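Asker: Model the following, please.
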Amino acid sequence: MARKGTATRYQNRGVMGRLRRARPPDVFPRTTAPRRPRNIAMSKRTSSPNGAKQATKKSRSSATPLDTKCINTVRCLAADMVQKANSGHPGAPMGLAPIAYVLWTKVMRYNPASPKWMNRDRFILSNGHGCALQYIMLHLAGYKVSMEDLQNFRQLGSITPGHPENHVTEGIEVTTGPLGQGVANGVGMAIAQAHLAATYNKPGFDLFDSHIYVICGDGCHMEGLSGEAASLAGHLGLANLTLIYDDNKISIDGPTSLSFTEDVQKRYEAYGWHTVVVEGGDDDVAEMERALAACKQERTRPSIVLLRTTIGFGSSKAGSEKSHGAPLGADDLANTKEKLGMARDATFVVPDEVRAVYAACSEAGAAAESAWGALFDRYSKQFPGEAAEITRRFSNQLPAGWKDALPSFSPADKPIATRKLHQKVLDKLAGIMPEIIGGSADLTPSNMTALTGNVDFQRATPEGRYIRFGVREHAMAAICNGLTAYGGFLPYHATFLNFLSYNWPSIRLAALSQLRTIAIMTHDSIGLGEDGPTHQPVEILPLARACPNLLTIRPADGQETVGAYVLSLERAATPSVHCYSRQDVPHLEGSSVDGVARGAYVLQEPAGGGNPDVVLMGTGSETHLCVDAAKQLAAAGIKARVVSAPAITLLDAQPVAYRAQVLPVGVPVISVEASSGFGWHRYSHTNIGMSTFGASAPYQHLYKHFGFTVDNIAAKATEAVRSSNAYFKSPLAIHA
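Answerer: Residues are numbered from 1 along each chain as shown. Okay, here's the model as predicted:
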């Protein structure tokens, strides 16, 4: 309850109604007296402390008859889609139909005829299970989502899958479904817009002034990811971001009071957000429009609208978990339509007057883009260099001659950790590619990710390109997904390889979404040393390699580190995981930049030539051990070929002849990697790897203890060569 004399400026302007704006906590500090608990009256219903529904006075609707018809059309279409598919989530779309209507007809700027217009407002549905709503809005707005597509909801080959997928459906900005991801993606998009505005906008030329709108649900707030992202957004003061919280008090298990009773508004106030409560989320169009206007006017903080809605509005299951994830049923659906003023037996109906509303919005969007295009033409004449750079970046093209800026390394260079080598490469690329932006999870000195000559991206310096993510690995990767999805960026994020497990869901979604991001993962093995098994990855490399459309690269030296970046930059629809060593490694004779893209290649042939008796295949910091073992074997009369496999899964994509050339049939192959041996049976007869967790000790002691030594490699190779077991001569799976 507001204290006397503390009315907000919105109250003073007479815009209050049922709109309430929270005060910044630093302006109105807490007193020692306890505060009275809020009594939040809700449109249609509220909840008692134990989550039971209570009757309340019906709110006064500000919706016109046409508004109501537009909203109820969306509700009925959503229920029709789920009913026909016999699968899906009708409740959230039915509850969120009013705010979606307000966003798409009165607030957002978009052009369906040009879905990639770079200055469009971005919309994200973080609670992606409610995607029927998003598909309906895209259909009504004029995107390439037909009525037939709505009718094929959740069917094989349709463009209306069970959760939104950005690479499947035109108009979907990011792939969502795992809850909380969309919140963090929105933070990434807000960073993108703020940085572009600070970099390219000029007096009289506000090229980049779009806004990011994200709808989320209770589950998004329960997931820790959203807290990480919201905390960073508050710190950065991302005023171009509005989060709309579908506060319907229902989760799958039942009322949210079963597990979620925190005060979300206070939580976001503590993050430094501007908060607005809208009680009339079921029907008060004017209140919702005022709330969003207040958020757009906020200049120093991100905003959250706590929107009180009724899940499954209009059905007999309204306000209940029963409307969340199952069809309403034929009888309830018919009764719902009748209650909402629609024909009870008609399906997939859009009245002409409703179509006309959205057609007018599409025309307005086209006019807005046309005006922006004229502005960009004038900008291009005054600032041709900047305009060309913008066009190149949003066309996903790399700058001409970019490879000429890459460093080169030779065996004469002193040994150095690959984490330090990657910094040399990253720095060179960042100097010629302004789209490179990123940072580390509070491990900058260890990950070696700072950009020379660049300032941090902060509230006061949005032109900066280095992001201090703090210890927020999960959000960090999801934020980078948002940066890529916005367009015009090539983001990277960094932590120790072991903590890829902290940001794995976001990396997986980058692969699914075809978003080029680079995960820089240092301290990539037991070579991390004294920090011990809590920090030493043994199972992470097999996990990353198992993911479709994800490059996992573990360079052995400087040339392969250059090759890792070349490969990642040239794969515009594929994210990468770069794995770099803590310990120093030598630069190897025969190391190849181009060889990385083949997955594995011949690094060194046996001394004196001739066919090899054995192949020693290594990755990363173990490759030079294979080189030294080959020398020891040569002294014993055994000819060993050394193969470097920095991106082993790419070998599968090579022609069979090439695979047999690198790993000849009938020759035993010994693979060496200080990681789990899972998966190496496909490429080798014997693997020297990890079958347990690591230990705490200097890395030299660990390598000896676990068998990563020249002597052990040579011994295993000798055993294979001299064995009478036919297995060592048998073809490998990679030969098929």
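
Asker: now the strands: where do they sit in the stretch 1-150 of the chain?
Answerer: 20-21, 45-47, 53-55, 122-125 (DSSP state E, counting those that start in this stretch).

Asker: Lowest average confidence across these, which one?
Answerer: Among the strands of the stretch 1-150 of the chain, strand 53-55 carries the lowest mean pLDDT, a mean of 31.

Asker: Longest helix in this structure, please.
Answerer: helix 352-382 (DSSP state H).

Asker: roughly how far is it from the heart of the chain?
Answerer: Relative to its parent chain, helix 352-382 has a centroid offset of 29 Å by C-alpha atoms, centre = their mean, to the nearest Å.

Asker: contacts for whichever helix or strand comes after it?
Answerer: Going down the chain from helix 352-382, the next helix or strand is helix 384-394, by DSSP states H and E. Outside of helix 384-394, the residues within contact range by C-beta atoms under 8 Å, 6 or more residues apart in numbering are 116, 118, 200, 207, 376, 379-380, 399, 434-435, 487-489. Every residue, glycine included, has its C-beta placed from N, CA and C.

Asker: now with 6 Å?
Answerer: The set of residues external to helix 384-394 that reach it, using C-beta atoms under 6 Å, 6 or more residues apart in numbering, is 118, 200, 379-380, 435, 487-488.

Asker: Also stretch 115-134?
Answerer: The contact list for stretch 115-134, computed with C-beta under 6 Å, 6+ apart, reads 78, 81, 89, 92-93, 96, 100, 108-111, 163-164, 170-171, 173-174, 176-177, 182-183, 185-186, 189, 210-217, 220, 369, 372, 394.

Asker: which among those residues end up buried?
Answerer: 78, 81, 89, 92-93, 96, 100, 108-111, 163-164, 171, 173-174, 176-177, 182-183, 185-186, 189, 210-217, 220, 369, 372, 394 (16 or more other C-beta atoms under 10 Å).

Asker: Filter these down to the ones in helices?
Answerer: Secondary structure defined by DSSP H assigns 78, 81, 92-93, 96, 100, 182-183, 185-186, 189, 220, 369, 372, 394 of the buried ones among the contacts of stretch 115-134 to helices.

Asker: of the residues you listed, closest to residue 736?
Answerer: residue 185 (39.8 Å; C-beta to C-beta).

Asker: So for that closest one, what's the nearest residue that isn't a sequence neighbour?
Answerer: Leaving out its chain neighbours, the residue that sits closest to residue 185 by C-beta to C-beta, 6 or more residues apart in numbering is residue 482, at 3.7 Å.

Asker: and the gap between that neighbour and residue 474?
Answerer: From residue 482 over to residue 474 the distance is 13 Å, taken as C-beta to C-beta, to the nearest Å.

Asker: When these two are compared, which one has more neighbours?
Answerer: Set residue 482 next to residue 474 and count neighbours by other C-beta atoms under 10 Å: residue 482 wins out with 32 against 26.

Asker: residue contacts, that one?
Answerer: Residues near residue 482 by C-beta under 6 Å, 6+ apart: 185, 188-189.

Asker: so residue 242 makes contact with residue 304?
Answerer: No: counting by C-beta atoms under 6 Å, residue 242 sits too far from residue 304 to count as a contact (7.5 Å).

Asker: which residues of the stretch 151-300 of the chain fall in strands?
Answerer: Under DSSP E, counting those that start in this stretch, the stretch 151-300 of the chain gives strands at 212-216, 241-247, 250-251, 254-255, 274-278.

Asker: counting contacts, what elements does the longest one pack onto?
Answerer: Pointing back at strand 241-247 there. strand 212-216, strand 303-308 (3 or more C-beta pairs under 6 Å, 6 or more residues apart in numbering; DSSP states H and E).

Asker: for those strands, which one sits closest to residue 74?
Answerer: Closest to residue 74 of those is strand 212-216 (C-beta to C-beta; 13.5 Å).

Asker: now, which of the contacts of residue 482 sits nearest residue 572?
Answerer: Set against residue 572, the nearest of these by C-beta to C-beta is residue 188 (17.9 Å).

Asker: Where does the residue nearest to the closest one when sequence neighbours are not counted sit, in terms of helix or strand?
Answerer: Nearest residue to residue 188, sequence neighbours excluded (C-beta to C-beta, 6+ apart): residue 482, at 2.2 Å. Residue 482 belongs to helix 473-486 when elements are defined using DSSP H and E.

Asker: residues contacting the residue nearest to residue 568 when sequence neighbours are not counted?
Answerer: The spatially closest residue to residue 568, leaving aside those adjacent along the chain, is residue 576, at 4.0 Å (C-beta to C-beta, 6+ apart). Residue 576 sits next to 518, 551, 568 when contact means C-beta under 6 Å, 6+ apart.

Asker: which residues does residue 552 form a beta bridge with?
Answerer: residue 577 (DSSP bridges).

Asker: hang on, it packs against residue 543?
Answerer: No: the pair residue 552 / residue 543 is not scored as a contact, 9.1 Å apart, by C-beta under 6 Å.

Asker: who has more neighbours, the two?
Answerer: Taking neighbours as other C-beta under 10 Å, residue 552 and residue 543 compare with residue 552 leading, 25 against 19.

Asker: Check what pLDDT the more buried one gets.
Answerer: Reading off the model, residue 552 has pLDDT 98.

Asker: do the same with the one 10 residues further on
Answerer: The predicted structure scores residue 562 at 98 on the pLDDT scale.
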